[in-house]
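*Asks:* quick one, fold the following:
(4 chains)
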2 protein chains.
Amino acid sequence: MQIRREEKAPAAPTVEDVARAADVSTATVSRCLNAPDRVSERTRERVMAAVRELGYAPNFGARALAAKRTNTFGAIIPTMENAIFARGLQAFQEALGQNGVTLLVASSSYRPDLEEDQIRELVARGADALLLIGHDRTPASYAFLEQRRIPVVHAWVHDPASPRISIGFDNRAAMKALAHEVMARGHDRLGVITAAREGNDRARERFAGICDAMAERGLDPASLAVEETPYSIPNGAEAFTRLMARDPRPTAILCGNDVLAVGALGAARKMGIDVPGSVSITGFDDIEIAEIVQPSLTTVHVPHREMGRRAAELLLALRNGDAAPQSVALPTHIVWRDSLGPAPKTPA
Amino acid sequence: MQIRREEKAPAAPTVEDVARAADVSTATVSRCLNAPDRVSERTRERVMAAVRELGYAPNFGARALAAKRTNTFGAIIPTMENAIFARGLQAFQEALGQNGVTLLVASSSYRPDLEEDQIRELVARGADALLLIGHDRTPASYAFLEQRRIPVVHAWVHDPASPRISIGFDNRAAMKALAHEVMARGHDRLGVITAAREGNDRARERFAGICDAMAERGLDPASLAVEETPYSIPNGAEAFTRLMARDPRPTAILCGNDVLAVGALGAARKMGIDVPGSVSITGFDDIEIAEIVQPSLTTVHVPHREMGRRAAELLLALRNGDAAPQSVALPTHIVWRDSLGPAPKTPA
DNA sequence: TTGTAGGCGTTATCAT
DNA sequence: ATGATAACGCCTACAA
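*Replies:* Got it, this is the predicted structure:
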C-alpha cells in the first residue's frame, strides 16, 4: 500500500496560470511566446515577467497537438557506440539548431526491425522530418513513411538510380578505387573484414566494390577471404586473427571501416606481424584515430561534417515545401598513410 | 503565395479511426493497447487487426497529456563528440529499455546555461526523470528541478557530503592516487592538461587531486604547469606543445582525460619526444583507444558500463517512489601501461 | 491589440 | 466487458 504524501502538488504551471498572473487571456500569453510582435510592448513585458516568475515552460505535447508542428526532426543512426556517425550528426544538429529545430536521435543497432519501431516512435513524438542512414529498411518502414508523407533524407549513400533523395557518396566506387590501389601495389591475396551485409547497404556496396576491382584485374572474387563481424575494435582484432590463420594467408586486408581496421592493427601488433611489411591494412571513413594509430591508417576520407550540414539543408527545404531538392553526391578521396605498402617479396 | 495541393490528406490515423474500423469505442481501443487483459480475446484481435491495417501509432503528445506519464527519461551529457560518455550512456539506455522506458539524449557542450535550457526542454517533452552529469549547474536549474519534483540522478561523480543522489566515483581521490604514483617515479616537474574547470566539477576535482598529492609530497602546487583547453585530440596536442615550450620543461604530463592524452601522445611523436623516455603522459577514463595507441596509455579505469547500468536502477527506483535509494560510490583503479615511466636521469 | 471558444488525440472515470 | 464523456495544455480562427 502506498502511503499518502502530504507534500504540496508539484503541478507544472500552465498558460492559464501565467495568464492569471499577468492578468491577460491565455491567447495573449500564447502570442507572447509564438509571435511576440503581435502584442504590445507593455503587456509583453508583463507576461514575460510572469513566465519567468512561475518558471513556466510550454508543454510540448500539448503544443504539438494544437499546432501540428513541432520544429523537431528525428535521426536514426545504426549506433552511437563508435565515432562513425558522431561527427556527421554533430554537424547535422548544429545546422538544425541554427534554424530553430531541435533534433531527436535514436539508434537501431543495425537492425531494420528496430529501426521500424524507432521510426514509428519518432513520428509519434511529432518529428516533422527524418534523417535515415542508407536505403536498406523494411518495406513496412517505407510504407509507413509514405503513407504519413514524412519528409526523409537518406545519408551516407548515393545511388543515382534511386528516386529517394539522398546525401552521400558512392560507397562502391570509393572502395573499388581503394582496392585498385592495393592491387596496384602487387597484392593478389586479399582479405576483407566487413560488417554484416544483410540490412546494411553501405557494407554491401563497399564489399561489391572490392569484387568489382578484383574482377577488373582478372582476380577471382571468390578467392577473397571474407570475415563478417559487427563494427568494433575487438571484433576487428578477432577477425584479423582468423584471417591470418587462413591458407593461403592474405597480404592485404581491406576493412569495412576504420574501427575494424584499428582492431586489426592492434591484433597485428600483438601477433608480431609487421604492418605494412608483412600485411597491409586499410580502413574507411577517416575518423580521428586513423591518424593517431601506429602505423597510421591508409583509408577513404568521407566528408562527414559537410554531409551532416547539407543533410540539414535538404531536410529543411523538404519540410518547408521548397522546390523539390536534388540528391547530392559528395566526393571521397583516399588518404595515404602508412598502413598500406607493397606486397611482400616472398609469395607463397 | 502557396499553391493549393490537390494531394489527399496525409492524416495520421487516430484511435477514432481504429475504433470505427473495429466497430468498438475509443475506450476499448485504448484498453487494447494499455491493458490488453482487460478486454475480451475476440474483440482484442479485431482491434489489433485494425491497428495493423491502418498503421496506427498512438500520438505521443496526446498520450502524455492524458496519462501524465511518458515512460521516457532524459539524459543530458556534456558532449557526444568523443567516446567519454558513449559507453556509460549505452549501458544506461539498455537498462532502461529492458524496463520499457525510452531515453531522450541532449548535449550541453559543457555549458551550464545551455544545460538549463535542455533541462526545461526535456521536462516539457515529458521526461519522467533525468540523468545529469556532475553537480555543477545553475541555481535556476536546481530550482526548476525541485519545484517540479523531477527525479534526478547525478552521474560521474560521488561526493558523500552532497545530499543529492549520485552514482559515480571520487574524481579527486582517483587523480590524487595517480599523481602520487607519478611522483613516486621521481617526477617533480609536473604539467597538467585539463578541461575548463569552470562549470565542470569533474575537471576541477581531478585538478585538485593533483594539487593534493603534490602538497603531500612537499611540492608547491603553484609550480604545476597548467594548460586549460576543451576536450579534443587536437587540443590535447596543442596544449602539450605549449607545455614542452615551458621553462623548466615538465617531465610528466597528467591529462584530464584520455582524449587529451591521446592528442598529447600524437604531438610528442611529431616533435620527436620520446614517451616515456623523456616525458611521461597519463590519461583518465580508460576508453578503448587508450589501449590501442602507442605507447599505450597509463590511465585511470572508470567502470562506465556499470555506472550506466546502476544509474538506470537508481532512477527507476526514484521514479517508482521506492524507498529512497542511496548514492553509490564505484571503485576506480589505475591501469598500468607504457606511457608512464621513471623521471629522466638528467634533471635541468 | 486583445479575448472567446473550439478542437487537437489520448486516457480515465463512470456508467451500463 | 464495453461505452460515453470529461479532462489534459495549448493554439488559432474569429470576434470585439
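
*Asks:* buried stuff in the one helix or strand A:Val51 maps to?
*Replies:* Using DSSP states H and E, A:Val51 sits within helix A:41-54. Neighbour counts over helix A:41-54 (16 or more other C-beta atoms under 10 Å in any protein chain shown) mark A:Thr43, A:Arg44, A:Arg46, A:Val47, A:Met48, A:Ala50, A:Val51, A:Leu54 as buried. C-beta here means a position set from N, CA and C on the backbone, and glycine is covered the same way.

*Asks:* what about A:Val101, distance to DNA strand D?
*Replies:* Shown here: A:Val101 relative to DNA strand D, a distance of 15 Å by C-beta to the nearest atom of the strand, to the nearest Å.

*Asks:* what's the nearest residue to that residue once chain neighbours are set aside in contact with, if anything?
*Replies:* Leaving out its chain neighbours, the residue that sits closest to A:Val101 by C-beta to C-beta, 6 or more residues apart in numbering or on different chains is A:Asn71, at 4.7 Å. Remark: with contacts taken as C-beta atoms under 8 Å, 6 or more residues apart in numbering or on different chains, A:Asn71 is in contact with A:Gly100, A:Val101, A:Thr102, A:Asp128.

*Asks:* A:Pro112 too?
*Replies:* By C-beta under 8 Å, 6+ apart, the residues touching A:Pro112 are A:Asp136, A:Arg137, A:Thr138, A:Ser141, A:Gly199.

*Asks:* pLDDT score assigned to the residue in the stretch 101-250 of chain A positioned nearest to chain B?
*Replies:* Scanning the stretch 101-250 of chain A for the residue nearest chain B gives A:Arg149, at 3.8 Å (criterion: C-beta to the nearest C-beta). pLDDT recorded at A:Arg149 is 88.

*Asks:* rewinding a little: name the next helix or strand downstream of the helix holding A:Val51, please.
*Replies:* Remark: after helix A:41-54, the chain's next helix or strand is helix A:60-67, criterion DSSP H and E.

*Asks:* what packs against that following helix?
*Replies:* Applying 3 or more C-beta pairs under 8 Å, 6 or more residues apart in numbering or on different chains; DSSP states H and E, one finds that helix A:60-67 makes contact with helix B:60-67.

*Asks:* can you list the buried residues in the helix it packs on?
*Replies:* Buried, per 16+ other C-beta under 10 Å, within helix B:60-67: B:Phe60, B:Gly61, B:Ala62, B:Arg63, B:Ala64, B:Leu65.

*Asks:* make a ChimeraX selection of the buried ones in the contacts of A:Asn71.
*Replies:* The buried subset of those, as determined by 16+ other C-beta under 10 Å, is captured in ChimeraX by this line:
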select /A:101,102,128
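
*Asks:* go through the contacts of A:Asn71 and flag which are in strands.
*Replies:* Secondary structure from DSSP state E places A:Thr102 of the contacts of A:Asn71 in strands.

*Asks:* so can I have TSV of the contacts of A:Asn71 showing pLDDT and distance to B:Ala215?
*Replies:* Listed next are the contacts of A:Asn71 as TSV, based on pLDDT from 0 to 100; distance: C-beta to C-beta, whole Å:
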residue	pLDDT	distance to B:Ala215
A:Gly100	86	50
A:Val101	90	50
A:Thr102	89	46
A:Asp128	91	56
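
*Asks:* closest one to DNA strand C out of the contacts of A:Asn71, please.
*Replies:* Nearest to DNA strand C among the contacts of A:Asn71 is A:Asp128, at 15.0 Å by C-beta to the nearest atom of the strand.

*Asks:* hang on, the closest one packs against A:Thr102?
*Replies:* No. Under the criterion of C-beta atoms under 8 Å, A:Asp128 is not in contact with A:Thr102, lying 10.5 Å apart.

*Asks:* shared neighbours of the two, anything?
*Replies:* Residues touching both A:Asp128 and A:Thr102 (C-beta under 8 Å, 6+ apart) are A:Asn71, A:Thr72, A:Phe73.

*Asks:* got those as a markdown table, with pLDDT, secondary structure and distance to DNA strand C columns?
*Replies:* Shown next, in a markdown table, are those (pLDDT from 0 to 100; DSSP: H, G, I helix; E, B strand; the rest coil; distance: C-beta to the nearest atom of the strand, whole Å):
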| residue | pLDDT | secondary structure | distance to DNA strand C |
| --- | --- | --- | --- |
| A:Asn71 | 89 | coil | 17 |
| A:Thr72 | 92 | strand | 16 |
| A:Phe73 | 95 | strand | 20 |
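
*Asks:* could I get those as a markdown table with distance to A:Ala239?
*Replies:* Output for the shared contacts of A:Asp128 and A:Thr102, formatted as a markdown table (distance: C-beta to C-beta, whole Å):
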| residue | distance to A:Ala239 |
| --- | --- |
| A:Asn71 | 44 |
| A:Thr72 | 39 |
| A:Phe73 | 36 |
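
*Asks:* ok, back up a step: which other residues reach the helix holding A:Val51?
*Replies:* Helix A:41-54 has contacts (C-beta under 8 Å, 6+ apart) with A:13, A:17-18, A:21-24, A:28-29, A:32-33, A:36, A:39, A:56.

*Asks:* sounds good, over and out.
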